[in-house]
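Q: sequence-free structure coming up:
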């Protein structure tokens, strides 16, 4: 599925304005996911979280893994120039992610019917072992717009 050379970030996906907890570069307490687009329907980001994001001692909280998966899948719509909101999200946790461990959050589109976008995603360790996996349904709310341009899609 993945290629060696990621696609360039499409011009409509300008994260410099984002204050999103998951992918916003200006959110000081967030995950700060930086995506690369592997093809027209696949996105991924490296992730390494410190102890601020732990649940049990030394283990990243499952809610943060869920947030990362949700954001990655929703950003598939951004790749296509559209904004989307989560309608349904199911996550299965396979193995813990440890504090400080480098993992990859990957998401891909599985189906699109009208305004319904269906995606899957996974948190993978560097050996490709699945730590968490998700399925989601997202409602396309309209074209992707910049909040500083005077409108917002949601």
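A: Cool, the structure landed. Computed from a prediction, not measured in an experiment: that's the story for all the values here.
Q: the most centrally placed residue in the chain sits in which helix or strand?
A: With distances taken as CA atoms, centre = their mean, residue 72 lies nearest the centre of the chain, 1.4 Å away. With secondary structure defined by DSSP states H and E, residue 72 is part of helix 62-79.
Q: in that helix, what counts as buried?
A: Under the neighbour-count criterion of 16 or more other CB atoms under 10 Å, helix 62-79 has 64-79 buried. All C-beta atoms are positioned from the backbone trio N, CA, C, and that covers glycine.
Q: same check on stretch 28-37?
A: Buried residues in stretch 28-37, counted by 16+ other CB under 10 Å: 30-33, 35, 37.
Q: how far away is residue 19 from residue 92?
A: Counting by CB to CB, to the nearest Å, the separation of residue 19 from residue 92 is 30 Å.
Q: so where's the longest strand in this structure?
A: Using DSSP state E to assign secondary structure, the strand with the most residues in the chain is strand 130-143.
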